[in-house]
Structures are given as C-alpha cells and as structure tokens.
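Asks: sharing a model that was predicted from the sequence below.
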Amino acid sequence: MNPSPDTYLRYPLATRILHWLAAASIFVLLWSGIWILNIHPRLYWGDVGYFGAPAVAEIAGDTSTDPPTMTLKIGGASFDVTGIIGRVNRLPYVRIANYPEGFQFGGNRALHFTAAWVFVIAWIYYISHLLSSGRLRDTWLPSPGELKPANIGHDILNHLKLKRARGEEARRYNSLQKLSYLSVMVILIPLIILTGLTMSNSVTTAWPFLFDLFGGRQSARTLHFVFISLLTLFIIIHIFQLFVAGFINHFRSMITGYYKLGGDRHG
C-alpha cells in the first residue's frame, strides 16, 4: 500500500538491489581500472602494444622539469595535463587514483575481474527482470509519439533549461531518458563486457572470434577504455540530472522504492 495518495512504487525491490550492486561494482571497476592503466598508460590499435610501438593515445612526462611536465597525446594532438596527472616512481598516475600502499598488479587485476563478473551477473539478471516483469515494455520503450523529432527536441530543450518534471509528468521517463537507458543497457554495456572479455586469455582461447570482432587484443583494450569513458560520462550526467530533478526524493526512492510526486519542492 502506498504511504500517501501522491506517493507510488517507482522502483521494485529487484531494481533497487541491482542498481546498488551495479553501482558498487562499477566504482570498484573504475578505481581498479585506473590503477591498471597507470601501469602502462598507452593505448594501441591492433594485436600488439609495447613501449616504442606507435600509440593512438598515451600519457608522457618530462622528468627534467620540477614538477615533471605531463602531456596527454591523442593521435597528433597534445594537451598539457601537468597538475592533473603526475608521476610516482617514474610512472604516470591519475591523481584521483594514486597507487595504494603495497600495490600489486596481479591482485588488482584479479579484483578488477571479480568486480567485472559481479557486474556481468547483475546486468544479465537485470535484463531478465526487465523482460519478465514487463518493465522494459511499460517503462523503457519509447512510444512512436515520443520518437517524433518535435517531442525529442522539446525534451532536449527542457534538459538544457534544467527544467524538472512535475506532477504526473514525473511518473514516467521522458524520451531522452528512455533512449539513453536503452542505449547504455543494450549497446554500451554489452560492448564493455565483450571488449573486457577479449583481454582475457582464457576467454579468447575459447572464443578467438573476439579478436576478429574488435581488431585485436590492443584494439579491444582501447575500445574498452573508450566505452568505459562513455559510461562514466553517462554516470556524471545521470547524477547531475538527479540534482536537477530533486536528489533527495530520487535517492530516497531508490532505497525505499517509493517516489513522492512534488516531494522535492525544497531540494
């Protein structure tokens, strides 16, 4: 039973459990992934990559200066990232994820893959939940009218104006939310999973077609980084939009399941 007439069950228990399980695993994946990238901060295309080989992107430093001058190179473009990226023991590192004390690459890689399997299992279960519960059809799939350019343009304008949905309009996702959630769940996350699997020797021994699919192990690593960056951007925008739409009400509803219409009039 709803606690009050203007409150309804927005997120069933399965959605809430899987949301927080995915959030925790993604946090571990991003953190450990940055540590792994710190070991070899270069991205290649093809099947082979090593220091001295041409890189599509890299972090390089000039230790003749104090502090060392750090440069991010992408193709033929270079960007000064001194102060954002530094050096420890002659290796670059992103300041938000410095090496922990007693860092072990093998252990961290094992942590990364463990978190990855937790994320994969949560994703598979959530897709199954969306299909079996009808939530995919009822909540996520946009109607033909929502896909009309005029409607999408209207939603884009509302987002740019930071306009929050109110009243009955807040009960449903708008066209941009539906399209972005679908794109992440059925396109972006599968690509992240497949490129990650391509970097596993045991997996590619059984499924060598993954090398052909992504153009080699190093290409898969580069694409994995790109796809993860897109997921990170989605998460940042998602959190920002939560504050626009009413953070307290949405955060509370992802814990209790119940969403209060107009529940964030003051924040």
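Replies: Perfect, I can see it now.
Asks: which parts of the one helix or strand Leu157 maps to are buried?
Replies: Using DSSP states H and E, Leu157 falls within helix 149-160. Using 16 or more other Cβ atoms under 10 Å as the burial criterion, the residues of helix 149-160 that qualify are 151-152, 155, 158. In short, each C-beta sits where N, CA and C put it, glycine included.
Asks: what is the least confident helix or strand in the chain?
Replies: strand 91-94 (a mean of 52; mean pLDDT, DSSP states H and E).
Asks: and the residue positioned nearest the centre of the chain, what does it touch?
Replies: Centroid-nearest residue in the chain, with Cα atoms, centre = their mean: Leu231, separated by 2.6 Å. With contact set as Cβ atoms under 8 Å, 6 or more residues apart in numbering, Leu231 has these partners: 26, 184, 188-189, 192.
Asks: make JSON lines out of the residues you listed and add secondary structure.
Replies: As requested, the contacts of Leu231 are exported to JSON lines (DSSP: H, G, I helix; E, B strand; the rest coil):
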{"residue": "Ile26", "secondary structure": "helix"}
{"residue": "Val184", "secondary structure": "helix"}
{"residue": "Leu188", "secondary structure": "helix"}
{"residue": "Ile189", "secondary structure": "helix"}
{"residue": "Ile192", "secondary structure": "helix"}
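Asks: what about stretch 182-191, average pLDDT?
Replies: Averaged across stretch 182-191, pLDDT comes to 95.
Asks: what does that stretch contact?
Replies: Outside stretch 182-191, the residues within contact range by Cβ under 8 Å, 6+ apart are 123, 126-127, 130, 140-141, 223, 227, 230-231, 234.
Asks: which two among the residues you listed are spaced furthest apart?
Replies: Pairwise distances across those (Cβ to Cβ) peak at 27.6 Å, for the pair Leu141 and Leu223.
Asks: which one of the two is surrounded by more residues?
Replies: Shown here are Leu141 and Leu223; by other Cβ atoms under 10 Å, Leu223 has more neighbours (20 against 12).
Asks: for that one, what are its contacts?
Replies: The neighbours of Leu223, taking Cβ under 8 Å, 6+ apart as the test, are 191, 195, 214.
Asks: ranges for the helices of the stretch 151-267 of the chain?
Replies: Per DSSP state H, counting those that start in this stretch, the stretch 151-267 of the chain carries helices over the ranges 175-183, 189-198, 201-206, 209-214, 217-245, 247-256.
Asks: with distance to Gly52 as added columns, please give these in TSV.
Replies: Listed next are the helices of the stretch 151-267 of the chain as TSV, based on distance: least, Cβ to Cβ, whole Å:
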stretch	distance to Gly52
helix 175-183	38
helix 189-198	23
helix 201-206	23
helix 209-214	23
helix 217-245	14
helix 247-256	48
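Asks: highest mean neighbour count out of the ones you listed?
Replies: Greatest average neighbour count among those goes to helix 189-198 (a mean of 20), per mean count of other Cβ atoms under 10 Å.
Asks: and the angle for that one with helix 175-183?
Replies: Here the directions of helix 189-198 and helix 175-183 differ by 30 degrees (axes from the mean of the first three to the mean of the last three Cα atoms, to 10 degrees).
Asks: just how off-centre is helix 189-198 within its chain?
Replies: Its chain's C-alpha centre and that of helix 189-198 lie 12 Å apart, by Cα atoms, centre = their mean, to the nearest Å.
Asks: flag the shaky bits of the stretch 51-200 of the chain, pLDDT-wise.
Replies: Across the stretch 51-200 of the chain, the ranges flagged by pLDDT under 70 are 63, 66-68, 83-103, 167-168.
Asks: strands of that one, start to end?
Replies: All strands of the stretch 51-200 of the chain, identified by DSSP state E, counting those that start in this stretch, fall at 57-62, 69-74, 77-80, 85-88, 91-94.
Asks: no further queries at this time; thank you.
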